[in-house]
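Peer 1: all I have is the shape, not the residue letters:
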């Protein structure tokens, strides 16, 4: 730099660096400055609330009374209640089948969309639409689809001669949970399809060509090439979706709020009811914290995987 | 039975075609029902005359919705909250993502890890204490309180996505700009951000839809009708009116439009963005 300046015969006297230049040359200070807003936000609306939630779960906190520590009493109250055990079972059932069915339909969709076919872009666009539909909206629309007297499902089933009168799908103990899961599946499958399709497209074509030369059919190619190549995508998608499915209250809250007789109640929505409707914030926090040990395992494994993949 | 490779390929394509039809019907059926109901006259929605398609399509549900309900207020509130959250998140996340990808400092890896933890932290674990916190700083029942809370999921998500995009920009460009006397902030605003503009748009719309759809914080932190957003506003039509399904379906249709338009316009970006974490590498 000095040489260039000298050859041009313009001698610019060295100016002392301004405070800003000084800061921007000190990488560490700059990093702290750049990250400060993020730190403020995350500490105040994620980290602090989380620790607070943990503390609350050992407290009795109701409006008008100062909070007091009651040790494990909230948890004892929960696990000695048959209702809560039912809710715990529902949550596992709801998450397990929700994830399983989304996985199956998502994989089938991705395989179909990966086949050479005319207008594939259009089909893909259509199959991804539910992903862009807000879950609240999806729940309300399905609520109307399930309507006992004027809903699409009953109208169709009656016209096809499969039913002679409408069924209240969300009020029947036999069907209610499955009706809820169907909505979760409708709204959440595209998330799987997207991941799986991207995964399929990343598999090198040569692998399939080599297998064809060896005489492998479609089914063998699927089991010996597709499935092993997709194992990482499978794990990440299932884990992400398990975390999101088991902690989302929207579908249950809007469609049934746990009815009939707590048969569709799940942990996050129960926590909402206990903490907000019944104003028992300590107990409500404990309800959620029951899920936390399982979430922690998923979150830690996922974070490792995501960071390894991205090299960050 | 052993099929030849050609026959087996043709068979799997035929099965695929059949499956595709079923999948498309399953995907579109509820949406068809939403659109059809929203265009029906009251008498075609309820009772024995209820059919699949509107016989005499009418816009009266939309008129009722816009004139006689609080829907316009909810829509406006959602728009304000989602826009404010998105703009703030973009500024905060750009600075953060730049620091995490370009500035070497001790604890960088740990910070990135913490960011993913917070992104995966479900809001259902946080809403109870958040209510206490927001109440104590006097932001209960305000749109500001919602925006502040939404930053909690929007910032880590945007930062996470932007980190991926920033890493794809060759560092040489920035180095040469700095040799030419550009400051770090100058590099970020004159080089990195313009180069990632399309990605930035995708991240912005992600953040917008997340806030547009948010339900749990909105139902806990806001109770007054004037400050409700769409997700907590429109489910109440069920309580308020018996024959609400016509206007309700009109409202769901209108509320689904912004995210759908974004989806149709930015499909490719959104999908790459979403699958970045899982499939890259």
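Peer 2: In hand now; what should we look at? Quick caveat, the model's predicted, so the values are computed rather than measured.

Peer 1: contact partners for the residue nearest the centre of chain B?
Peer 2: Central residue of chain B (CA atoms, centre = their mean): residue B:209, 2.0 Å from the mean position. Residue B:209 makes contacts with A:132, A:134, B:82, B:258-259, B:262, as judged by CB atoms under 8 Å, 6 or more residues apart in numbering or on different chains. Glycine gets a C-beta too; all of them are placed from N, C-alpha and C.

Peer 1: that one and residue A:193: what is the separation?
Peer 2: With distances taken as CB to CB, to the nearest Å, residue B:209 is found 18 Å from residue A:193.

Peer 1: hang on, residue A:271 packs against residue A:290?
Peer 2: No. Residue A:271 lies out of contact with residue A:290 (CB atoms under 8 Å); the separation is 9.1 Å.

Peer 1: which one of those two is surrounded by more residues?
Peer 2: Ranked by neighbour count (other CB atoms under 10 Å in any protein chain shown), residue A:271 and residue A:290 place residue A:271 first, with 28 against 20.

Peer 1: same question for the host helix or strand of that one, mean pLDDT?
Peer 2: Following DSSP states H and E, one finds residue A:271 within helix A:267-272. Summarised as a single mean, pLDDT over helix A:267-272 is 94.

Peer 1: again, but for stretch B:6-25
Peer 2: The pLDDT scores in stretch B:6-25 average 91.

Peer 1: what is the distance between that stretch and the centre of its chain?
Peer 2: With CA atoms, centre = their mean, to the nearest Å as the basis, stretch B:6-25 stands 32 Å off its chain's centre.

Peer 1: any chance you could list what contacts it?
Peer 2: Under the criterion CB under 8 Å, 6+ apart, residues A:105, A:108-109, A:111-113, A:115, A:117, A:123, A:126-127, A:217-219, B:3 lie in contact with stretch B:6-25.

Peer 1: over to stretch A:290-306?
Peer 2: A:75, A:78, A:88, A:91, A:232, A:235-236, A:239-240, A:242-243, A:246-247, A:267-268, B:113, B:116-117, B:120-122, B:125, B:277-278.

Peer 1: what does stretch A:181-189 give?
Peer 2: Contact partners of stretch A:181-189, identified using CB under 8 Å, 6+ apart, comprise A:94, A:97-98, A:101-102, A:105-106, A:109, A:130-131, A:133, A:135, A:138-139, A:142, A:241, A:244-245, A:251, A:255, B:26-27, B:30.

Peer 1: confirm residue A:150 sits in a helix?
Peer 2: No. Counting by DSSP: H, G, I helix; E, B strand; the rest coil, residue A:150 falls outside a helix, being coil.

Peer 1: what is the helix or strand hosting residue A:37 packed up against?
Peer 2: Taking DSSP H and E as the definition, one finds residue A:37 inside helix A:27-42. Helices and strands touching helix A:27-42, by 3 or more CB pairs under 8 Å, 6 or more residues apart in numbering or on different chains; DSSP states H and E, are helix A:19-25, helix B:71-102, helix B:108-120, helix B:143-167.

Peer 1: elements contacting the strand or helix carrying residue A:138?
Peer 2: Per DSSP H and E, residue A:138 falls inside helix A:135-145. Applying 3+ CB pairs under 8 Å, 6+ apart, one finds that helix A:135-145 makes contact with helix A:152-159, helix A:176-201, helix A:250-255, helix B:5-38, helix B:245-279.

Peer 1: now do 10 Å
Peer 2: Helices and strands touching helix A:135-145, by 3 or more CB pairs under 10 Å, 6 or more residues apart in numbering or on different chains; DSSP states H and E, are helix A:152-159, helix A:176-201, helix A:250-255, helix B:5-38, helix B:197-213, helix B:230-233, helix B:237-240, helix B:245-279.

Peer 1: in TSV: these, plus distance to residue B:152.
Peer 2: Output for the helices and strands packed on helix A:135-145, formatted as TSV (distance: least, CB to CB, whole Å):
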stretch	distance to residue B:152
helix A:152-159	38
helix A:176-201	21
helix A:250-255	18
helix B:5-38	31
helix B:197-213	11
helix B:230-233	17
helix B:237-240	29
helix B:245-279	19
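
Peer 1: looking at these, which has the lowest confidence?
Peer 2: Among those, helix B:237-240 carries the lowest mean pLDDT, at a mean of 73.

Peer 1: give me the residues contacting it.
Peer 2: Outside helix B:237-240, the residues that touch it by CB atoms under 10 Å, 6 or more residues apart in numbering or on different chains are A:140, A:143, A:254, B:65, B:69-71, B:244-245, B:247-248, B:251.

Peer 1: again, only using 7 Å
Peer 2: With CB atoms under 7 Å, 6 or more residues apart in numbering or on different chains as the contact definition, helix B:237-240 has outside contacts at B:69, B:244, B:247-248.

Peer 1: most surrounded residue in the residues you listed?
Peer 2: residue B:248 (26 neighbours).

Peer 1: helix or strand: which one has the residue nearest to the spatial centre of chain A?
Peer 2: Most central in chain A under CA atoms, centre = their mean is residue A:244, positioned 2.3 Å from the mean C-alpha point. Under the criterion of DSSP H and E, residue A:244 resides in helix A:231-247.

Peer 1: for that helix, packing partners?
Peer 2: Helices and strands touching helix A:231-247, by 3 or more CB pairs under 7 Å, 6 or more residues apart in numbering or on different chains; DSSP states H and E, are helix A:82-114, helix A:176-201, helix A:292-310, helix B:245-279.

Peer 1: just put these in a markdown table and tack on distance to residue A:281.
Peer 2: Shown next, in a markdown table, are the helices and strands packed on helix A:231-247 (distance: least, CB to CB, whole Å):
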| stretch | distance to residue A:281 |
| --- | --- |
| helix A:82-114 | 17 |
| helix A:176-201 | 26 |
| helix A:292-310 | 16 |
| helix B:245-279 | 31 |
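
Peer 1: hmm, stretch B:199-207 touching chain A?
Peer 2: No. Stretch B:199-207 is not in contact with chain A by CB under 7 Å from any CB of the partner chain; minimum separation 10.2 Å.
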